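**Student:** can you look at this prediction? I've put the sequence above it.
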Amino acid sequence: MTPVIVIALRTIIALLVISRVASADVVRIDVRSRDDFGTHERVIARVHYAVDPRLPVNQAIADLAFAPRNADGKVEFAGDLLLFLPRQATSARGTVFLEVVNRGRDQSLGLMSDARQRDLAPENWNLGDRFLLEQGFTVAFLGWQFDVRPGDGLSLTVPTAPVSGVVRASAITVSRSGPGGAIGLAYCAADVSQPDAMLTFRSEIEKTPTVFPRDSWQFAPDGCAVRRSAGFDAGLNEVIYKAAGSPVAGLGLAAVRDFASYLKFGSGTATTLRENPALMRRVIGFGYSQSGRFLREFVRDGFNQDERGRAAFDGLMVASAGAGGGSFNHRFASPGQAGNSVLSIFRPVDLPPFTDDGLLLKAKAASVVPRIFYTFSSTEYWARAGSLTHTNETGTSDVPFASTSRLYFLTGTPHASGGLPPTPQQTRYALNFADQKWVLRALLIDLDKWVTNGTEPPPSRYPTLAQRQLVPRDAVQFPKIPSLPFASYMPGVWQMDYGSDYATTKVITKEPPSLGAPFPVLVPQVNADGNDVGGIALPEVAVPLGTHTGWNVSTYPLSGLRYLAGLVGSFQPFAKTPAEREQSGDSRPSIEERYTNRQDYVQRVRRAATDLVRERFVLDSDVEALVQQADQTWTVIVGR
């Protein structure tokens, strides 16, 4: 047999093997209900998946090789779906808005449509003003997180790999607990007697922890909690022990990939919900906070390439994720853990690569790079290491984004918004109420136009070193506000070593991780009012009634753990009159010195909104509602 024939036969055999292996993804959709929802049809369903561990695109899933398989050698799992399908193809965009839900529930509906959920059963979800439906999107909410409990939202059921390893459970106490207190464990101890298990304590994040004698504490009989007769001190208490049986958490990444791909391309084994493919020609993924970090990791680890080499998502809206990934795809994962800024100390969240150069490496190699909009609130710089996404790791120079990405900084907005009137909530200062809604709505339309017909979106808008708008915390020129002293510290991010094989196996062998040098995290400079510069100035900041920050300080002191107040910001109104300002020692001009009257303020807000419409950061159809909201804000802050 000639060499040419041998090569040809080998090629044919390889293609046959690939075609046989690459036949699974979405294998079945069990529809629970399909009912009328006005312009749309509402579908509540359970999606069944199967992936083949032999495929290279699946080998990034931690412990998949150890998961139980079906008769075809594939790993099965299933998750929840809430879907809204346009009834009229003529008014449909042909774009799917697929939200990767946050701990089982929506974020987009609250952020863009003022929806408030009181019941997380999918048939009872509130869609607010129905913005997404009125814009003609096919709208999907998909469960991906294995540890969302029934009744708490959309979940995913995954198999458990029969593996064992080290686990670290943390408990932050804000005051000393009395005898009888317990630390609950997400993963129960494999053996309650474990002589080498450790209970440690520290009150400062970089301090060497104190190790309690093993006979001074015990596991509960079921291994699912730890008790110490002397109680627990205020600070960081951690249990380091061995557990067995790890859910294959990374299948959540495969679920999002395969369902997005199914909507676009269909499947050889399932056709449900694709009766009209024109409704789903393109897919935009949306994630906020935790699920935004999920999408960063999704792209970083190569999941935008489906089992057949196609792009799952055409566009991504990665909102308020900062530089982080998450505890989404490793042995004994804890997807709800979010990083140091919210007291999830030293979790594998803020790990490089941070910039597009590394984040998009696998997507570029496979030619499946999505168009990406990153959005930051001010809190992303203060509590989510946002600056690392566009500086080098020494914080000394700017690093550009890919041509397929944009970053939009929504100045003065908090990650988690407060309401009106502004009040403290376990914080020293009133919560920041600045609203991201108007800009997020416009940006979604901009992104859809970009992926649909190539219409270039607005240029990125964010602070840079070159413009001297991005600085170390101690270089911020914060004004003198006696009632709002500037934050004297901020959460840190360190290089972390989880063991020599973690990068390739996703198995943590070193808990807690050993720390290397801290990353230099920078924040936006501020103007004379204390409001951030360098981004998109929302009307609350362009025409301010006070100072809006991305940081606040908790009422319980945890400065040793570098904790401010999690993911909320603060608001401090201007003095109403010059006399009031002078009496308090506030350096910011008063409201009376800024605005002639209420009408003057509202007119300025309208002009600011019109400028944002011209820049494509606000929809023209939203201007009147935006101005009305500003008028109501004046009433609350200034009075009638």
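**Tutor:** Happy to help now that I have it.

**Student:** helix, strand, or coil at L263?
**Tutor:** Under DSSP: H, G, I helix; E, B strand; the rest coil, the three-state class of L263 is helix.

**Student:** residues near it, how many?
**Tutor:** 23 (other C-beta atoms under 10 Å). C-beta: built from backbone N, CA, C; applies to glycine.

**Student:** and the residue lying closest to it once chain neighbours are set aside, how far is that from F303?
**Tutor:** Distances taken as C-beta to C-beta, 6 or more residues apart in numbering put M280 closest to L263, at 4.4 Å, once the chain neighbours are dropped. Going from M280 to F303 by C-beta to C-beta, to the nearest Å gives 19 Å.

**Student:** could you grab the helix/strand/coil label for S246?
**Tutor:** strand.

**Student:** rewinding a little: ramachandran angles for the residue nearest to L263?
**Tutor:** Backbone geometry at M280, expressed as degrees, to the nearest 10, gives phi -140, psi 50.

**Student:** which residues touch it?
**Tutor:** By C-beta atoms under 8 Å, 6 or more residues apart in numbering, M280 lies in contact with 94-96, 138, 263-264, 274.

**Student:** let's go with 10 Å and repeat that
**Tutor:** The contact partners of M280, taken as C-beta atoms under 10 Å, 6 or more residues apart in numbering, are 83, 85-86, 92-96, 98, 137-138, 140, 260, 262-266, 273-274.

**Student:** then V226?
**Tutor:** Taking C-beta under 10 Å, 6+ apart as the test, what V226 contacts is 169, 171, 181-185, 189, 192, 197, 199, 217-220, 232, 237-239, 241.

**Student:** tell me which residues touch S229, please.
**Tutor:** So S229 contacts 179-181, 216-218 (C-beta under 10 Å, 6+ apart).

**Student:** quick one: which two of these are the most distant?
**Tutor:** Of all pairs drawn from the contacts of S229, the widest gap by C-beta to C-beta lies between G180 and S216 and measures 14.4 Å.

**Student:** what pairs with the helix or strand encompassing D36, and is each one parallel or antiparallel?
**Tutor:** Applying DSSP states H and E as the criterion places D36 in strand 26-37. Next to strand 26-37 in the sheet, as set by DSSP bridges, lie strand 40-51 (antiparallel).

**Student:** okay, buried residues for the strand it pairs with please.
**Tutor:** Using 16 or more other C-beta atoms under 10 Å as the test for burial, strand 40-51 gives 40, 42-45, 47-51.

**Student:** the stretch 151-300 of the chain: helices as residue ranges?
**Tutor:** 251-265, 290-300 (DSSP state H, counting those that start in this stretch).

**Student:** distance-wise, check R594 relative to R581.
**Tutor:** To R581, R594 is 11 Å away according to C-beta to C-beta.

**Student:** and these two? Which one has more around it.
**Tutor:** Neighbours per residue, other C-beta under 10 Å: of R594 and R581, the larger number sits with R581, 19 against 16.

**Student:** shouldn't the more buried one be in contact with S483?
**Tutor:** No: contact criterion C-beta atoms under 10 Å: R581 and S483 do not qualify, at 11.4 Å.

**Student:** need the overlap of contacts for the two.
**Tutor:** Joint contacts of R581 and S483 (C-beta under 10 Å, 6+ apart) are A575.

**Student:** so which residue is dead centre in the protein?
**Tutor:** S289 (2.3 Å; C-alpha atoms, centre = their mean).

**Student:** nearest residue to it in space, please, no chain neighbours.
**Tutor:** That would be S320: by C-beta to C-beta, 6+ apart, it lies 5.2 Å from S289.

**Student:** surely the one you found touches G287?
**Tutor:** Yes: between S320 and G287 there is a contact under C-beta under 10 Å: 9.0 Å.

**Student:** residues in contact with D147?
**Tutor:** 103-104, 155-156, 158, 186, 247, 249, 333-336.

**Student:** any of the residues you listed buried? List them.
**Tutor:** By 16+ other C-beta under 10 Å, the contacts of D147 give 103-104, 155-156, 158, 247, 249, 333-336 as buried.

**Student:** which of the three states applies to the closest residue to P457 other than its chain neighbours?
**Tutor:** Of all residues not flanking P457 in the chain, D446 sits nearest, at 4.4 Å (C-beta to C-beta, 6+ apart). Under the three-state scheme (three-state DSSP), D446 adopts helix.

**Student:** so for D446, what's the pLDDT?
**Tutor:** For D446, the model assigns a pLDDT of 98.

**Student:** contacting residues for it?
**Tutor:** D446 neighbours (C-beta under 10 Å, 6+ apart): 373, 406, 408, 455-458, 616-617, 619.

**Student:** swap in 7 Å and give it another go.
**Tutor:** For D446, the contacting residues are 457-458, 616, by C-beta atoms under 7 Å, 6 or more residues apart in numbering.

**Student:** what's the answer for I372, then?
**Tutor:** 316, 318, 404-405.

**Student:** what's the following helix or strand after the helix or strand where it lies?
**Tutor:** Assessed by DSSP H and E, I372 sits inside strand 371-376. Using DSSP H and E, the next helix or strand after strand 371-376 towards the C-terminus is helix 378-383.

**Student:** give me the residues contacting stretch 501-511.
**Tutor:** When contacts are defined by C-beta under 7 Å, 6+ apart, stretch 501-511 is touched by residues 62, 165-166, 168, 240, 329-331, 497-499.
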